[in-house]
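# Need coordinates for the following:
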Amino acid sequence: MRMMLLTAGTRGDVEPFAALARIASDRGHEVRLGVPDHSGVDPSGLDTVSLEVDFHRLVQAHGISPWTAVRHFRTEVGPGMRRMLTAAVRETLAFEPDIVVHHPKVLTAPAVAEALGIPHVVVEAVPVLTPTRQFPAPGVVTRDLGRFNRATYAAVRGAERMFRRDIDRACAQLPGGRPDSVAAPAATLLSISPQLLPRPDDWPASVHLTGSWHSGAPVPESDATVLEFLRRGPYLVATFGSMASGDPMARGRAVVESARAHGLRTLLLTGWGGLALPDDVRGDLRDDDVLAVPSLPLDAVLPGAALAVHHGGAGTVHTVARAGVAHVVVPFLADQPFWGRQLHGRGLAAAPIPQRKLTVERLTAAIDDALGCRAAAERVGLEVRKEHGLEAALSVLASC
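Predicted coordinates:
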């Protein structure tokens, strides 16, 4: 089978698609992967094409304020989406696949599949497309609305209306232009562990909660400095990924001081600006109890950690859960508050702290609560590591 995989977003959106591309290729399928630029994911060995958009730049450009996002829509977000939607159509037509597998943000994927007369399958790392009574659409509201939960999913569908002209322009490449109607997805795949999100009973049979997607590739060994730090006693891992808005210095200070209050050392992954280590904290290290590095594979440093402090992105949530480590979630935007609440409700994390309310006092208390979740996190980690999400996803694709 010739599979066209199209993804959008930052590292957490690209890694699952890359893992799916690798396992499908290993099983003899012809796979081409369309990816955004500068995702931080190693594409070596894969047949990849650029979708001509840098989501890291978009995140940095408009941050998390809705007013700033509106201000930068014309200069950054709009042009980036136009390039991506057009590239997705062009590259799919060039590959002539038997099936299109796509991220929800790739809004032109269903139209090009319809024009080619082939099925399309949508992949969700966050359950934003299929309505349910059990919870509102992540990123739309932050509290349970009971019987009105299903109505919140209409807001997510509004994205297609927002980019209607861009979709029309991109689909001008298709014979006959944009189709008048598009078939529903042949299937919806959710690369989510049922240990973190039990399957709602009102989802249709075409929606598959596969379990987390993890390649199982060998974890690269960390360098000697990192290994020595990890061996010297209890530590926490802190990462906020690409969440660079606000004051990363203040967040770095809060993490280090809160960790010290519990006798923990801090491995600070500064990422794309989400965290920074202030000079006065750096200059007063207690027995070298802080190590700040731009990035490390989480799979290499989480085993053995007392807990993880993170922003609550879907990819990070699953990586921490797979390691059997408790969480403190500091959500910034989109689906992150949803995952913070979900983990807390499952007994795997302290109550989430919105990033604007992060203080040393609040984080110190949250770390204390999270340390009490370690036994539950270890039990869940054992179950998540048993999942074969990629195998389940490939089985669904083969049946489409």
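
# Just give the nearest non-adjacent residue to Trp203, would you?
Distance criterion Cβ to Cβ, 6 or more residues apart in numbering; nearest residue to Trp203, sequence neighbours excluded, is Thr130 at 5.5 Å. Placement of C-beta: from N, CA and C, glycine included.

# Backbone dihedrals for the one you found, both of them.
Main-chain torsions, Thr130, degrees, to the nearest 10: phi -90, psi 110.

# Local confidence estimate at it?
If you check Thr130, the pLDDT there is 90.

# Does it touch Thr188 like I think?
Yes - assessed by Cβ atoms under 8 Å, Thr130 is found in contact with Thr188 at 6.2 Å.

# what about Ser181, distance to Glu114?
With distances taken as Cβ to Cβ, to the nearest Å, Ser181 is found 8 Å from Glu114.

# Can you name the next helix or strand after the lowest-mean-pLDDT helix or strand in the chain?
The helix or strand of the chain with the poorest confidence is helix 66-72; it has a mean of 51 (mean pLDDT, DSSP states H and E). As assigned by DSSP states H and E, the chain's next helix or strand after helix 66-72 is helix 78-95.

# Which residue lies closest in space to the residue of the chain positioned farthest from its centre, excluding its sequence neighbours?
Farthest-out residue of the chain from its mean C-alpha position, per Cα atoms, centre = their mean: Gly176, at 35.4 Å. Leaving aside its chain neighbours, Gly176 sits nearest to Ala115 (7.2 Å; criterion: Cβ to Cβ, 6+ apart).

# quick one: what helix or strand has the one you found in it?
Ala115 is located in helix 109-116, with elements delineated by DSSP H and E.

# Give me the angle between that helix and helix 78-95.
Relative orientation of helix 109-116 versus helix 78-95 (axes from the mean of the first three to the mean of the last three Cα atoms, to 10 degrees): 30 degrees.

# still on that earlier bit, identify the residues contacting the residue nearest to Gly176.
Contact analysis of Ala115 by Cβ atoms under 8 Å, 6 or more residues apart in numbering lists 171, 174-176, 179.

# Which one (most neighbours) among those residues?
Highest neighbour count within the contacts of Ala115, by other Cβ atoms under 10 Å: Cys171, with 20 neighbours.

# Shouldn't Ser25 be within a helix?
Yes - counting by DSSP: H, G, I helix; E, B strand; the rest coil, Ser25 is located in a helix.

# quick one: contacts for the closest residue to it other than its chain neighbours?
On the basis of Cβ to Cβ, 6+ apart, the spatially nearest residue to Ser25 that is not a chain neighbour turns out to be Val31, at 5.0 Å. By Cβ under 8 Å, 6+ apart, the contact list for Val31 reads 2-3, 5, 21, 24-25, 46-47.

# still on that earlier bit, from Arg265, how far out is the residue nearest to Gly176?
Relative to Arg265, and taking Cβ to Cβ, Ala115 is found at 56 Å.

# Show me the shaky parts of the chain.
53-76, 282-287 (pLDDT under 70).

# Tally up the residues packed near the closest residue to Ala183 other than its chain neighbours, please.
Distances taken as Cβ to Cβ, 6+ apart place Glu114 nearest to Ala183, at 6.1 Å, with adjacent residues excluded. When neighbours are counted by other Cβ under 10 Å, Glu114 registers 20.

# Give me the domain ranges for the protein.
2-185, 224-385 (automatic domain parsing).

# closest one to Pro218 among those domains?
Comparison of those against Pro218 by Cβ to Cβ identifies domain 224-385 as nearest, at 9.7 Å.

# Give me the distance between that closest one and the centre of its chain.
Put simply, domain 224-385 sits 16 Å off its chain's centre (Cα atoms, centre = their mean, to the nearest Å).

# Pro331 is in contact with Pro354, isn't it?
Yes - between Pro331 and Pro354 there is a contact under Cβ under 8 Å: 6.2 Å.

# what is in contact with these two at once?
Residues touching both Pro331 and Pro354 (Cβ under 8 Å, 6+ apart) are Pro337.

# neighbour count winner among those two?
With neighbours defined as other Cβ under 10 Å, Pro331 and Pro354 compare such that Pro331 has more, 23 against 15.

# so that one, which of the three states?
Recorded secondary structure, Pro331: coil (three-state DSSP).

# Would you quantify the distance from it to Gly372?
Here Pro331 is placed at a distance of 21 Å from Gly372 (Cβ to Cβ).
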